[in-house]
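**Student:** what follows is a predicted protein model with its sequence.
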Amino acid sequence: MPSITIWDRLEPRCRENDPTPGLEARVHDPLWLLARQWQLGEFEGRDAGSPIVASVSSSTAPLNRFAVAGQAAQPYDGIQPMEAIIQAEPARPDSGATDLQQAAEAGLYFLRLLAAAQMTAAVTQAYRAQYPLLIPSLPASDVASVGPALAGRGIDGVKLHSDLKAAGASLPAAPVIASAQQPVVLQITRTWLQWYDGLFVTPAGPTAWSAERMEYDFSIAAAGASDSYVAQEYDGDSVDWYVFDRSAADLGGSSGQPKAVQQTLIASPVTFRGMPARRYWEMEDGGTNIGLLSAGAEDLGRLLLREFALIYGNDWFQFALMAPVGSEFTVTELSVADTFGITTPIPNYSAEDGATGSWHMFSVSADPLATPAATTLVSPPSILLLLPGTLAQLSSAPLEQVLMLRDELAETVWGVEQTVQGASGFPLDRTLDWRINIPPVPPPSGDLVLRYQLGSSVPDYWIPFLPVQIDTAGHLQLRRARLPGTATEPQGRFLTETTSLFLEEVPQEGVRLIRLYCSARGPDGSTYLWIGRQRTAGSGEGRSGLHFDYLG
């Protein structure tokens, strides 16, 4: 009698302790699999061999000269970071009274050199007496806070530098140094002068900062080139290829010629997180699961991304092409040999797209401000501009910070000096300083009489800019103005240098200007220190509280 509780079953597992058959993953009907591959069209694939070796012919021309603000070209050795030579401005003060921090630090370093050379106390005391660090009697709060700590403890390094430069190759007449000690002291002064003059990167001529545009304006050129690259709207951030436009202007002073280079490179697969594993038993990275990427039927971008990552992700290879930093690098020829021994020449994408192609990756565009005759100059897409910029730049707290904002109610543009570099050399909060030094308001009297007021006042660190017509065509420009009855001038460098601004340079969101210390390492590993400026977006419109025609 048959029983419904008895049956046979097939289990696809081995009851033995040997896992070898399972790991072999044997196929019992390979002909069926081949038939399915034929049925699905997998034999129709046209995949060729994998690339093995690439042969690259290139041309390199070092960037060997630059020009700032339309001035004559200066030589560039490619060692200093591009940001340092472009942003650098005079960092040393004219006198110790305008920057007590630098004067004291320079003087203390000179005293340390005297102590390291084991000079007598008489020599040290002579320099202390000759170059006392005088504290200016200013109402500024920053001087009052650091003055007692510096008075009588150091020497004025700025005045010492001025006297040593005037003395030339000998010691100044004062202080008087004994003849037996003069050679040692002279060597100390030479060492100190080298440190003082080499601490900061300073410009050899005019700076690249355009006060009217509130941005840097400079150009660079490669060896043997009759054209140049111009950066007209550089705001002080990292310097890279997209900062520049191709210009037909010749900087002159060209020396050297491009150098031809031939390289043979070995291909390596392109990898990315979450890509399918190449081997059968390889464990995939679970940190990125591309299969969970959701996309709707109309979201073609996500669908293409997922298809590329999961199906064609292992079809891409890369070649590590070595190119010198600080050069104009041109790929003239590229050919790839695959595993079948077939060599395929690969043209530049611009040759395939033709003249109508508008996609130019890493290609420098033409100068939009050039004359119509020069606008046809377009950088060949095969040229790569490799700038010697900084990778990890260190910046200090802002020495100066100015906010340019629009005040629609007062129909005025204001330059608000939030922070300036005080006489102490440290940042001075102008808002706090104004509140400390503002005269006290007398209490109201019983017989108060209302008086007509033409206009109100604003804090003295709010500097007005008014639109002024500059030509008969009606073009406007912002000119720095002064409120009636106010004699206060700007205390920082930004607004002191700026007497006029182009109207379009102050948009609706405003502009924030920052001046600060910057430090970075160059391609040779040396450390460079300079004072630079940065321009960023502001925080929107402002309200000064200025109003007219009222009783008060």
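**Tutor:** Looks like it arrived, so ask away. Residues are numbered from 1 along each chain as shown.

**Student:** for the helix or strand harbouring residue 350, name the packing helices and strands.
**Tutor:** Assigning secondary structure by DSSP states H and E places residue 350 in helix 349-353. Packed against helix 349-353, as judged by 3 or more Cβ pairs under 8 Å, 6 or more residues apart in numbering; DSSP states H and E, are no other helices or strands. For every residue, glycine as well, the C-beta is placed using N, CA and C.

**Student:** tell me which stretches of the protein form helices.
**Tutor:** Under the criterion DSSP state H, helices of the chain are mapped to 20-24, 30-39, 82-87, 100-116, 121-130, 141-150, 157-167, 182-198, 300-310, 349-353, 430-437, 493-497.

**Student:** report the rounded mean pLDDT for stretch 188-206.
**Tutor:** In this model, stretch 188-206 carries a mean pLDDT of 94.

**Student:** so which bits of it are buried?
**Tutor:** Judged by neighbour count (16 or more other Cβ atoms under 10 Å), stretch 188-206 contains these buried residues: 188-189, 192, 196, 199-201, 203.

**Student:** distance between that stretch and the chain's centre?
**Tutor:** Its chain's C-alpha centre and that of stretch 188-206 lie 24 Å apart, by Cα atoms, centre = their mean, to the nearest Å.

**Student:** what about it, how long is it end to end?
**Tutor:** In stretch 188-206, first residue to last residue: 32 Å (Cα to Cα, to the nearest Å).

**Student:** worst average pLDDT in the helices of the chain?
**Tutor:** helix 20-24 (a mean of 71).

**Student:** what about the chain, any weak spots by pLDDT?
**Tutor:** 1-16, 22-23, 45-48, 138-141, 280-281, 355, 370-381, 446, 487 (pLDDT under 70).

**Student:** circling back to that earlier point, would you turn the buried residues of stretch 188-206 into CSV with distance to residue 33?
**Tutor:** Listed next are the buried residues of stretch 188-206 as CSV, based on distance: Cβ to Cβ, whole Å:
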residue, distance to residue 33
188, 86
189, 88
192, 83
196, 80
199, 74
200, 73
201, 69
203, 73
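
**Student:** pull the CA atoms of the helix holding residue 350 into PDB?
**Tutor:** The C-alpha coordinates for helix 349-353 follow below in PDB (Å, rounded to 0.1, in the frame of the first residue of the first chain):
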ATOM      1  CA  TYR A 349      38.300  63.800 -29.100                       C
ATOM      2  CA  SER A 350      38.200  67.200 -30.800                       C
ATOM      3  CA  ALA A 351      39.300  65.500 -34.100                       C
ATOM      4  CA  GLU A 352      36.300  63.300 -33.900                       C
ATOM      5  CA  ASP A 353      33.800  66.000 -32.900                       C
END
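
**Student:** still on that earlier bit, of the buried residues of stretch 188-206, which is the nearest to residue 255?
**Tutor:** Using Cβ to Cβ, residue 203 is the member of the buried residues of stretch 188-206 that sits closest to residue 255, with 21.7 Å.

**Student:** and the closest one, how far from residue 244?
**Tutor:** Noted for residue 203: a distance of 20 Å to residue 244, by Cβ to Cβ, to the nearest Å.

**Student:** same question, residue 535
**Tutor:** The value you get for residue 535 to residue 244, if Cβ to Cβ is used, is 17 Å.

**Student:** which strand in this protein has the most residues?
**Tutor:** strand 51-68 (DSSP state E).
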